[in-house]
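Undergrad: got a sequence here, can you build the structure:
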Amino acid sequence: MDFEYSSDQKMLADTVKTFVKQRSPVERFRKLREAEQPWDPEIWAHMGELGWLSVPFPEEAGGFGGGMVEVGIILEGLGKALAPEPYLASVVLGGTALQRAGSEAQHERWLTPLIDGQAVIALAHAERASRHDVREPGTTAERDGSGWRLSGEKVFVLGGFQAHQLVVSARTPDGLGLFVVEPGDPGVHRQPVKTIDGQGAARLRLDGATVGDDRRLGEPGDAALGVLRRVLDLGAAAAVAEGLGVAQAMLDMTVAHLKDREQFGVPIGAFQVLQHRAVDMFVEVQLLRSMSILATVRADEADDELRERSVSAAKAKLATAGRFVSQQAIQLHGGIGLTDEHDVGLYFKRMLALNAVLGDEQFHVERLAAQPGFAA
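TA: Modelled structure (predicted):
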């Protein structure tokens, strides 16, 4: 496989690198992590102007017509700087679910403002008792005249507290359905949830929330379930790409520290045992990079087995490589690595969050092992 980026992809990576350096250094995340609005709408709008929010969407829906490789490039760059804007939550999850299940009129109504950087869309699918099983959610949608009445609770909705619309999965008499709800709808209640990485999430409760038939995305059943499963795989591959950026940043910070920190009159990087540990970190990051690229290439594969195998292998690798690189980075920084004042701890927390969302290590290892060709 050719892992070299094209000239356009290299230009995109350079643009993201320049953008985060100028507009979103880690210091900005430090200031925003305790704020009620943990990201900047002005930065989000600027991302829309740059065309980043349109990348995965087809041209007929107003998008750029790119793919997950380009999305991965953007998220890797954002991960290196801990940019808090909800790209994964809104573009990859909420926006893609809306685009794939919705009609042209629904795209014009909700997707276009997202692409322009004027709105955020979240995907509400996780529930307390589901444990990553999205086939039969506890949330229900029942016919109510010409509309639908939704009841249930969703947890850990990424980007959910600031979202303008939420795509909700619910069980209907005809199978799984996807519906759009808005925070101001009667019966819709959302509560902010603090997360270890400081980027936040939401808990969504639906107490008989009534929505019109224009809020239903496509027909309930196997088609809606297929859309949701593929979107979640896209999200998992995107989380790996962002995690790659986080891991690369921790490696770069650690190597710089080994060069600058002196002990016994020489840089501590001169000690061979520390060099070996840095090399082990480098190897893990490179392995993660190759797995991430493969996952983004195959994340939209129509073959379920091929897609799930590649995505789950990458997500499991993020868990092991991310844990190793994070632990080594903290240890090699010494005492300052344990303090909140040093950036390495912020990256460590983001890595923990990325490992937990959209399927943890256990889930993806079990899914990988369940593949028909795994034993062979």
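Undergrad: need the per-residue pLDDT for the closest residue in space to residue 293 that isn't next to it in sequence.
TA: Counting by C-beta to C-beta, 6 or more residues apart in numbering, residue 3 is the residue found nearest to residue 293 once chain neighbours are left out, at 5.7 Å. To be clear about C-beta, it is placed using only N, CA and C from the backbone, and glycine gets the same treatment. pLDDT recorded at residue 3 is 70.
Undergrad: run the chain-centre distance for the worst-scoring helix or strand of the chain on mean pLDDT.
TA: Here the helix or strand of the chain ranked lowest by mean pLDDT, DSSP states H and E is strand 262-263, holding a mean of 80. Here the centre of strand 262-263 is set off from its chain's centre by 39 Å, with C-alpha atoms, centre = their mean, to the nearest Å.
Undergrad: leaving out chain neighbours, which residue sits closest to residue 374?
TA: residue 368 (6.5 Å).
Undergrad: residues in contact with that neighbour?
TA: Residues near residue 368 by C-beta atoms under 8 Å, 6 or more residues apart in numbering: 308, 309, 312, 313, 316, 374.
Undergrad: cutoff 10 Å now
TA: 308, 309, 310, 311, 312, 313, 315, 316, 374 (C-beta atoms under 10 Å, 6 or more residues apart in numbering).
Undergrad: centre-most residue in the protein?
TA: Nearest residue to the geometric centre of the chain (C-alpha atoms, centre = their mean): residue 88, 3.6 Å.
Undergrad: picking that back up, within the sheet, what are the partner strands of the least confident helix or strand of the chain, with directions?
TA: strand 266-267 (antiparallel) (DSSP bridges).
Undergrad: what comes up buried for stretch 288-303?
TA: 288, 289, 291, 292, 293, 294, 295, 296, 297, 298, 299, 301 (16 or more other C-beta atoms under 10 Å).
Undergrad: then stretch 246-257?
TA: Across stretch 246-257, burial judged by 16+ other C-beta under 10 Å covers 246, 247, 248, 249, 250, 251, 253, 254, 255, 257.
Undergrad: in CSV, list the residues you listed along with pLDDT.
TA: Listed next are the buried residues of stretch 246-257 as CSV, based on pLDDT from 0 to 100:
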residue, pLDDT
246, 98
247, 98
248, 98
249, 97
250, 97
251, 97
253, 96
254, 96
255, 96
257, 94
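Undergrad: you'd agree residue 5 is in a strand?
TA: No. According to DSSP: H, G, I helix; E, B strand; the rest coil, residue 5 belongs to no strand; its state is coil.
Undergrad: perfect, that will be all.
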